[in-house]
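Undergrad: what's the 3D shape of this:
(chains A and B)
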Protein chains: 2
Amino acid sequence: MNFKQLLKHPSSRPFIDQARFGVEREGQRVNLTGDLTRTDHPSVFGDRTFHPYIQTDFSETQIELITPVTDSIHELFQYMSAIYDVAARSIPENEMIWPLSMPPALPAKDEDIMIAKLANFEDVLYRRYLAKEYGKRKQMVSGIHFNFEFGDDLLRSLFVQQTEFSEFAAFKTELYLKTARNFLRYRWLITYFYGASPLSEANYFIDKPAPNEPVRSIRNSSYGYTNHPNVKVSYASMEQYLFDIEKMVEEGKLSEEKEFYTPLRFRGGKRVADLAKTGVRYIELRNIDLNPNARLGIDQEQVRFLQLFLTYMLWTEEKEAADQWVEEGTRKNEIVSLEHPLNQTEFIEEGRYLLTDMKKMALELEQLEALPLIEKMLEELERPSETLAGTIYQAAKESSQHQFATSLGLSYYQKAHERPYQLAGFREMELSTQILLFDAIQKGIEVKVIDESDQFLRLQHHDHIEYVKNANMTSKDSYIVPLIMENKTVTKKVLREAGYRVPNGAEFTTMEEAVKAYPRFANKAFVIKPKSTNYGLGITIFKEGADLADYQAGLAIAFSEDRSILVEEFMPGTEYRFFVIDGKVKAIMLRKPANVVGDGQRTVAELVAEKNLDPLRGTNHRAPLELIHLGELEQLMLKEQGLTVSSVPQKDQVVYLRENSNISTGGDSIDVTDEFSESYKQIAVSAVEALGAKISGIDLIIPDKEVAPENSATAYGIIEANFNPAMHMHVYPFAGKGRRLTLDVLNLLYPELNILTQN
Amino acid sequence: MNFKQLLKHPSSRPFIDQARFGVEREGQRVNLTGDLTRTDHPSVFGDRTFHPYIQTDFSETQIELITPVTDSIHELFQYMSAIYDVAARSIPENEMIWPLSMPPALPAKDEDIMIAKLANFEDVLYRRYLAKEYGKRKQMVSGIHFNFEFGDDLLRSLFVQQTEFSEFAAFKTELYLKTARNFLRYRWLITYFYGASPLSEANYFIDKPAPNEPVRSIRNSSYGYTNHPNVKVSYASMEQYLFDIEKMVEEGKLSEEKEFYTPLRFRGGKRVADLAKTGVRYIELRNIDLNPNARLGIDQEQVRFLQLFLTYMLWTEEKEAADQWVEEGTRKNEIVSLEHPLNQTEFIEEGRYLLTDMKKMALELEQLEALPLIEKMLEELERPSETLAGTIYQAAKESSQHQFATSLGLSYYQKAHERPYQLAGFREMELSTQILLFDAIQKGIEVKVIDESDQFLRLQHHDHIEYVKNANMTSKDSYIVPLIMENKTVTKKVLREAGYRVPNGAEFTTMEEAVKAYPRFANKAFVIKPKSTNYGLGITIFKEGADLADYQAGLAIAFSEDRSILVEEFMPGTEYRFFVIDGKVKAIMLRKPANVVGDGQRTVAELVAEKNLDPLRGTNHRAPLELIHLGELEQLMLKEQGLTVSSVPQKDQVVYLRENSNISTGGDSIDVTDEFSESYKQIAVSAVEALGAKISGIDLIIPDKEVAPENSATAYGIIEANFNPAMHMHVYPFAGKGRRLTLDVLNLLYPELNILTQN
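TA: From the prediction side, this is the model:
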């Protein structure tokens, strides 16, 4: 099979880059001084029997982060970043993830290395067997497993150009076999570049022979995590491969097939034997050390190079019989693994040839964007100090590897914690969606961002699929609910009919009708507002009635925003947002206009600058609070109070900079959930129920929350109900207790998970 | 109590016109030649035990139309018109509603007058008693019952200005008592204007003494439907009133309280006795004859005059003791009822005084708009020929009252049937909503239009409330469904994942990315379209691939409509709309571009003109089909076929006038539901299920519907799914069978009603 010819065919060209990716990344949990932790895998991750993203590998302290399969490198790193963020912020606050493949100093006693406390006893038994067979210490090494699948369009396009295979599955198997053999043959080059375990820490080689450190990769050498030498498997054909593995198991050289620790595994069905029927679906590279310079243990450039390298493995011809060819690769890899990290490699000539030939391939396949990367690797080939092993060894020499790793670990720790409300990988999405994604990943609900710019998620647990938009628009609310809430007149009619106090008023579609109704409002406190628009546009408030001219002016302003307007009684009092989920008030929030509190010393401008230092404040709704500006409106507001930005307010004097209380203009969000009696909460709950909603933010005007609603006919008025209320401001309020409403949403969607929520 | 002073108080001024209205209108069903029908009350109305709008009165042939209580005269006539339309189009096609109070010629034999076949045996017994007590013939008279309630704001504003009553209910009772006594005293004026039963038809006075016809109102005279003279009830106070009624019942002069046939009834609680506790809530005028000149039996001017008259009854002082005062009214009314319709009334002086005093009231209350109406009534007072009785009598003289009534009845019949897809009273609403309203009223579901311009309905049956927007947006669909369907990328992802064939393609947000993907599409049939916009804007179709320049031009067009665009495989075939409700395909529609079929004689212009005569064609979506235009686009399309509007197409030649098949540009809707095999329907049903929807119009491209989908991988492709699909085009298609999908929607919402639907 001449795969090179197939790849060169013009009809394959559009799909050359098409591939699917997945990464599993292990890492030891350590404390902030780099010592192995002794805590259990955090219970906040829920059940390890199904968690798709966050698992434990051999040891209870060895966290394993698993991405879903993605269609692009960009997407792969989105999920990797997110899962890392979730793990880093969910483990105990004084713990971080060790950035090296080689473990930190290990306990002197074997029994102090905790085997993962898995629920399935067979899994525990297997780990006990491994401990016995290979020793616990070797099992503490971490790495990257890199799953790679050529794109389906690419494979089909290659398939249709050949005639040798009539079955697509068989064709794919042949293709992956060639890729695998060449990869095994040439993998020493990957070890040269990405080998990153030059040194071991204390108590690693406590009872085993040790190499003469430093080397390029302890992990990829025979000192690493490999099978006993009597385990031999042929890659000549799938039949032979499967036959050999089965034989090894039968002869007891392997306890079971998954104990076959090859640097490359074929993946297909559930069990290795299924590969005979299903063909190879993808391959798993297991020889990638953790890159400590990358927060995630691997970076995008590495993945892109691996993709190019694997494509080249398919492209370039094999030059010897399969078993011999692979064996030669194993020999070279062992040598390169154990070379000094600052020495040039023995096989530099072959390396030069491979990279130069890759460049030719890139040119022939019109992958011009790949050339600078290959060029860079060519340079690295000449300069071992720039390889991963080289940089780590040099840094370790300056202090120690432990010091180096601890300090890198800390920098990743800080990065994960500095904006706890954001989720790496998805920072372009709305904050509430980021928080919901965080919680879903933490709880092991499978997430798929099916439209990032539209905030559209697909969640899955077992067979239970839910779609979520904007973090709280779900299948749990019926379609008519948002339609009711969108229409202020309809909302009021429904609420009034159900017995709730809403502002009296009327809707008008012509100036004439509205003017005719003037006597009804003339001497009252009332509001004129457009029927449908939001954000306070077109609203005029008359707190003490209005003369006809002012009334008409107010009408004109409202009509300029909408064809229908409302004239309504004005209800005095404080507005509170009651957030109701599934029949319970989960948060109550008071929003205060942008303000500063004087200290008798600093100016308004200085007070604003200081308040803006709060890490909760940011811009463009990517933080729970917005920066306070000192623009025209704010300065006007100051002027009305006889102040300027240079005035020095007295101690404890509250200076408001805005009239409106929107968070988006620098307002403060203050959680007051616990300050309200049950009776007010009950009103919010039952009003939301009257509207038929499961999730709603309902706004009540309350003149005095200390007066029980049953004791006053005007204790409250309902202003509006929102079907997509902001959640992030409740989770991270300016003051008061944060309310993780996203967990309540997940709990509503997945009651079977018994997610622990507040209240 | 000086009610005049209260009414004059400025704080009452805004509410002077505020009132609530309701009408019950009886009418005999007759055939199109004006003979009483012998058919049963139509079963299509469902169950009379709860029907709120369409009932039978005494006789099975005597339909009774009941409006809900409304807050304005405008709304009253909306409901009255709608209910009339429903009744008129739901009774057998050869029947109409007799427009007179006096029945048409009655059967000679008493047993041929059918008592209403009610389910409740007590109701039947009561009618049998009435037949015996008053004779069946008198019971066949029809009329208007007019329910009137002063507005709540008005009443409360009057209440707070007085000190005599501390209880609002007692105050209201006093107010209505005064109104009632004056009304009874002066009602002769209403009889003079609106009396409309001057003549009887055959077999009415078969066994009773008859007046010397013609008169003003047989019905309002002692020859009409009144209690025996020994029934006397005082209106002096509520206590006296209730005491007297109870006494009459005890003494057997009335079988039960509802047999008290006063021209004015007090209404409040469920039973008359409840009035003592609850106070009077509204009054029911029972002395209004059917106005045959008004399709609905009464017109808006009459209702407005009655409102003014009742307000005046509250305003003007009583001049004698209660019983004497009422008795004097009864005496005068009897005289006026039996006056010759063309004679001036004996009480013209009192009439002049009353109307002149009403004018003064209108001036004092600043109701200037009322003045022309009062002026008109003043003129009618002088010219009896212009009263209702006068006009009927004159028309009857020209042929016969029977002839006159039959011809009016026929004109109302035609008006009800000429646009069967529209519903009178609500013609401004979307057609699908009009049809749904029609069906709901027919089936006895209570309807409330809570926002007319927003197509928002509230439906109710017993305690079961449903809100409906745009006729098919309901509580039965979950909120996430329209959000999924709104997003073409998400829809495709969900459908593809569920195993359905959707166009392959990709979404792009930058020109650069999209251009980079060019090789993937270059040689295929493909479409470029904006992601979110609809109505075909920004779409370019390349049926045979495209060169790079054309591809880029197509991208630019799409990007001018949206920030995200889709490039997708083009699926050849015919597009069908599958309308799925609750797991069943209820209609399948083929839409054909605007076209005419030649006859070898007429020009294109003539053929278009003829096709446009179809009453199903109208404008502005207020008809199921739109008129075909011969504008620029159509002429261009003709030109491309080598034709002009003056060309004469050959016999059976189909000439298309548009490329697009939208109904809105004159396309034909063709029902093809029965032409499809189950397997295609199953695809539509299960795809809609995969999207989670209860109601959806899903568009399938099918190259050949005779090829079973199980026999071809490209038998179909799903183009899109709609969450608010048009329904009217299915109910009234251009060709093929109409599918009343609105009934299916009601059935989905109210399964407990067991509404009979098609399929």
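
Undergrad: which residues does residue A:269 contact?
TA: Counting by C-beta atoms under 8 Å, 6 or more residues apart in numbering or on different chains, residue A:269 makes contact with A:275, A:277, A:278. Heads up, the C-betas are built off the backbone N, CA and C, glycines and all.

Undergrad: how near is it to chain B?
TA: Note on residue A:269: its distance to chain B, by C-beta to the nearest C-beta, to the nearest Å, is 20 Å.

Undergrad: Over to residue A:266?
TA: For residue A:266, the distance to chain B - C-beta to the nearest C-beta - is 26 Å.

Undergrad: Would you mind giving me the confidence score for that residue?
TA: According to the per-residue confidence, residue A:266 scores 94 in pLDDT.

Undergrad: for residue A:279, same thing?
TA: pLDDT, residue A:279: 88.

Undergrad: excluding its backbone neighbours, what's nearest it?
TA: residue A:169 (3.1 Å; C-beta to C-beta, 6 or more residues apart in numbering or on different chains).

Undergrad: Equivalent analysis for residue A:725, please.
TA: Going by C-beta to C-beta, 6+ apart, residue A:725 has residue A:697 as its nearest residue, at 2.6 Å.

Undergrad: domain ranges for chain A?
TA: A:3-226+A:261-418, A:505-569, A:574-753 (the TED database).

Undergrad: I'd like to know which of the ones you listed is closest to residue B:497.
TA: With C-beta to C-beta as the measure, domain A:3-226+A:261-418 is the member of those nearest residue B:497 (13.4 Å).

Undergrad: Regarding the closest one, how distant is the last residue from the first?
TA: Separation of the first and last residues of domain A:3-226+A:261-418 by C-alpha to C-alpha, to the nearest Å is 49 Å.

Undergrad: now do stretch A:57-72
TA: Stretch A:57-72: ends 26 Å apart by C-alpha to C-alpha.

Undergrad: Now that stretch: buried residues?
TA: A:57-68, A:70 (16 or more other C-beta atoms under 10 Å in any protein chain shown).

Undergrad: Whichever residue of the stretch 251-400 of chain A sits closest to chain B: what secondary structure?
TA: Using C-beta to the nearest C-beta, residue A:366 is the residue of the stretch 251-400 of chain A that sits closest to chain B, at 9.5 Å. The assignment at residue A:366 comes out as coil when based on DSSP: H, G, I helix; E, B strand; the rest coil.

Undergrad: how much space between it and residue A:373?
TA: Residue A:366 sits 15 Å away from residue A:373, taking C-beta to C-beta, to the nearest Å as the criterion.

Undergrad: Mind checking which of those two has more residues around it?
TA: residue A:373 (16 against 12; other C-beta atoms under 10 Å in any protein chain shown).

Undergrad: Test my guess that the more buried one contacts residue A:303.
TA: No: counting by C-beta atoms under 8 Å, residue A:373 stays clear of residue A:303, with 11.1 Å between them.

Undergrad: What does the residue of the stretch 251-400 of chain A closest to chain B show for phi and psi?
TA: Taking degrees, to the nearest 10, you get phi 60, psi 40 for the backbone angles of residue A:366.

Undergrad: Now do the same contact list for it.
TA: Counting by C-beta under 8 Å, 6+ apart, residue A:366 has contacts A:13, A:16.

Undergrad: ok, residue A:294 - how many residues close by?
TA: Other residues close to residue A:294 by other C-beta under 10 Å number 20.

Undergrad: How about the residues of chain A by chain B?
TA: Counting by C-beta under 8 Å from any C-beta of the partner chain, chain A comes close to chain B at A:13-15, A:153, A:450-451, A:453-454, A:456, A:458, A:466-469, A:473-484, A:487, A:489-490, A:493-494, A:509, A:517, A:519-520, A:564, A:692, A:723.
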